[in-house]
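**Q** Show me how the following folds:
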Amino acid sequence: MSKKGLIKSTGVISLATALSRVLGFVRDIVIANYFGTAIYAQAFVVAFRIPNLMRDLVGEGAANAAFVPVLTEELTKKGKGDFFKLAQVILNLLFWTLLVMTAIGMFASPLIVRLMAPGFLADQAKFDVTVQLTRMLFPFLVLVGLWAYAMGVLNTLGHFAAPAFGSCLLNISMILCAMWFGENVFGLSAGVLAGGTLQLFMQFPPLYAHGWKMRLTGDFSHPKARKVGALLLPRALGACVYQINVFISTILASLSSIVGDGAVAALYYANRIWQLPLAIFGIALAQAILPAMSRHVALNDHGKLKDMLSFSLNILFFILIPSTVGLIMLGEPITKVLLQRGLFTAYSTQITASALVFYSLGLVACGGIKILVSAFYSMHDTMTPLKCAGWSLAANILFNIALMYPLKVGGLALATSASAVVNFVMLYIMLRKKIGDFGSKGIADSFLRVMVSSLVMAAALKMLALRFSVTTAVNLGLAIITGLAVFLLSSYLLNVKEMKDFLGWALKRR
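**A** Take a look at the predicted model:
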């Protein structure tokens with residue numbers, strides 16, 4: 001895949017992700033309106049997070065780490081016939097694994113909630129409703145796991161649109177059910193299951209168009225299936241570190257006597273806003289780049305692998321550094337404009353904005369982790385990311401303990417960001433040892449130029465805030481547009497290469 005092809009594929013995923021995130025914000029606004037940061041909001045956040053962790057263990061994470069590299073190798077070297085044979089065996093193994101895990105999860109829901117939110121034990125009503133919601137939502141694991149499998153197959157075949165747009169259906173379903181059922185949190189949970197079903201079925205038409213057929217058989221044997229399993233186990237442990245970090249924050253956030261009331265929901269809402277730039281570009285770029293990197297590795301072309309890696313990091317910094325600065329400068333007005341209505345009070349805005357600002361400090365590191373981890377996965381190495389993730393998890397625990405008392409809910413978010421920086425630095429060093437230098441001087445130069453441009457943007461936003469109130473949707477929109485314009489102009493004047501490349505491609509398309 002060429003650089004232009006990579007940008008095009010990333011653009012498709014980014015467009016779908018942006019639409020999904022916009023719908024996700026509408027969903028969160030609706031949920032915030034009906035539930036605020038009170039008991040049912042906290043119960044739903046914890047209950048929904050549990051199957052999401054399991055999804056990352058054997059679902060979406062597996063598609064990124066184990067399925068795509070091995071399927072790409074099979075497709076590149078042996079063709080479609082052997083590719084579909086391997087895909088069928090993977091489907092059989094995945095389906096029955098997900099089914100067993102769902103049954104165990106539903107049975108063990110009380111124990112799981114005790115472990116994940118021990119602070120809820122002080123409120124029996126909150127604990128009971130969380131257990132009921134957890135049982136109800138566990139089947140979502142099967143639906144989203146099979147969707148992730150379909151995504152892996154389609155991405156390997158160069159099809160990115162259907163998997164990317166599928167998540168929009170999940171958000172639409174949740175919005176409609178929330179509006180229909182109102183303050184009935186079980187109606188919202190029914191929307192999750194309905195949306196997961198629609199999301200999965202959207203993948204069938206393009207799969208069948210490529211020649212895939214849905215057959216659940218007893219065939220579990222294929223030489224490459226063992227390779228998938230060998231890659232999946234360390235990936236399953238390593239990929240969930242971010243989710244485990246979130247769970248640790250959830251456990252500590254449930255201790256309201258230390259971090260204040262509503263911290264669980266505040267972290268959820270802040271994380272949703274912070275995830276927008278990360279998902280629209282960071283995760284989208286990592287998803288698009290993995291099949292391309294896997295092909296370069298299969299063809300033993302390490303020069304192109306390094307070139308694509310440095311190009312991806314530079315593009316990532318060009319997007320996420322100004323996004324970080326923008327979220328820090330405008331965190332409170334963004335939270336207020338998006339969420340403050342109904343039961344989401346001024347206090348809810350205050351604690352959510354605090355978490356958002358501190359989460360933002362880890363945005364660049366989290367995006368970089370996605371790219372670097374994809375490079376390791378393309379080389380069928382899932383052990384190195386696991387080791388780095390383990391150290392990151394240990395750092396997160398220490399940071400949480402040190403920061404939660406002085407900074408309250410903001411300290412929990414800052415701990416997540418700090419541990420992400422630790423993870424990124426370790427991955428960068430280990431990858432450079434593994435494949436040699438991949439343009440570190442150019443990456444550092446681009447990083448510094450983009451950082452200076454972003455600081456100029458921050459100064460402009462500060463001056464704007466001193467003269468005008470940025471607490472309305474119109475003024476906030478004008479502030480964002482002004483900041484973006486200042487950043488782009490500064491990047492042009494500072495000769496940021498990615499800015500010059502963007503202008504060159506834009507002019508050629510005309």
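
**Q** just checking, next helix/strand downstream of the helix-or-strand element of the chain with minimal mean pLDDT?
**A** Between all helices and strands in the chain, the lowest mean by mean pLDDT, DSSP states H and E belongs to helix 60-62, at a mean of 58. Downstream of helix 60-62, the next assigned helix or strand under DSSP states H and E is helix 68-78.

**Q** packing partners for that following helix?
**A** Contact partners of helix 68-78 among helices and strands, from 3 or more Cβ pairs under 8 Å, 6 or more residues apart in numbering; DSSP states H and E: helix 80-107, helix 140-156, helix 223-239, helix 284-298, helix 363-378. Every residue, glycine included, has its C-beta placed from N, CA and C.

**Q** Please tabulate these in a markdown table, including the columns mean pLDDT and distance to residue 428.
**A** Formatted as a markdown table, the helices and strands packed on helix 68-78 follow (pLDDT from 0 to 100; distance: least, Cβ to Cβ, whole Å):
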| stretch | mean pLDDT | distance to residue 428 |
| --- | --- | --- |
| helix 80-107 | 84 | 31 |
| helix 140-156 | 84 | 25 |
| helix 223-239 | 69 | 16 |
| helix 284-298 | 79 | 15 |
| helix 363-378 | 90 | 6 |
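
**Q** is it possible to export those to a markdown table including distance to residue 30 and mean neighbour count?
**A** Converted to a markdown table, those look like this (distance: least, Cβ to Cβ, whole Å; neighbours: other Cβ atoms under 10 Å):
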| stretch | distance to residue 30 | mean neighbour count |
| --- | --- | --- |
| helix 80-107 | 27 | 17 |
| helix 140-156 | 19 | 25 |
| helix 223-239 | 30 | 18 |
| helix 284-298 | 25 | 24 |
| helix 363-378 | 26 | 25 |
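
**Q** Tell me which of those sits nearest to residue 412.
**A** Distance to residue 412, taken as Cβ to Cβ, is lowest for helix 363-378 among these, at 15.7 Å.

**Q** Return the distance of the helix ranked longest in the chain from the chain's centre.
**A** Ranked by residue count, the top helix of the chain under DSSP state H comes out as helix 302-339. Once both centres are worked out by Cα atoms, centre = their mean, to the nearest Å, helix 302-339 turns out to sit 13 Å from its chain's centre.

**Q** Tell me the first helix or strand C-terminal of it.
**A** Trace forward from helix 302-339 with DSSP H and E and the next one is helix 346-360.

**Q** And for that next one, what's in contact with it?
**A** Residues outside helix 346-360 that contact it (Cβ atoms under 8 Å, 6 or more residues apart in numbering): 32, 36-37, 260, 262-263, 265-267, 269-271, 273-274, 323-324, 327-328, 331-332, 334-336, 339-340, 407-414, 416-417.

**Q** in it, what's buried?
**A** Buried residues in helix 346-360, counted by 16 or more other Cβ atoms under 10 Å: 348-360.

**Q** I'd like the helices and strands packed on helix 68-78 as JSON lines, with distance to residue 254 appended.
**A** Compiled in JSON lines, these are given as follows (distance: least, Cβ to Cβ, whole Å):
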{"stretch": "helix 80-107", "distance to residue 254": "20"}
{"stretch": "helix 140-156", "distance to residue 254": "22"}
{"stretch": "helix 223-239", "distance to residue 254": "24"}
{"stretch": "helix 284-298", "distance to residue 254": "31"}
{"stretch": "helix 363-378", "distance to residue 254": "24"}
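
**Q** now for those helices, which one comes closest to residue 493?
**A** helix 363-378 (22.1 Å).

**Q** Just the helices from the stretch 351-500 of the chain, written as ranges.
**A** 363-378, 383-407, 409-435, 440-467, 473-493, 497-509 (DSSP state H, counting those that start in this stretch).
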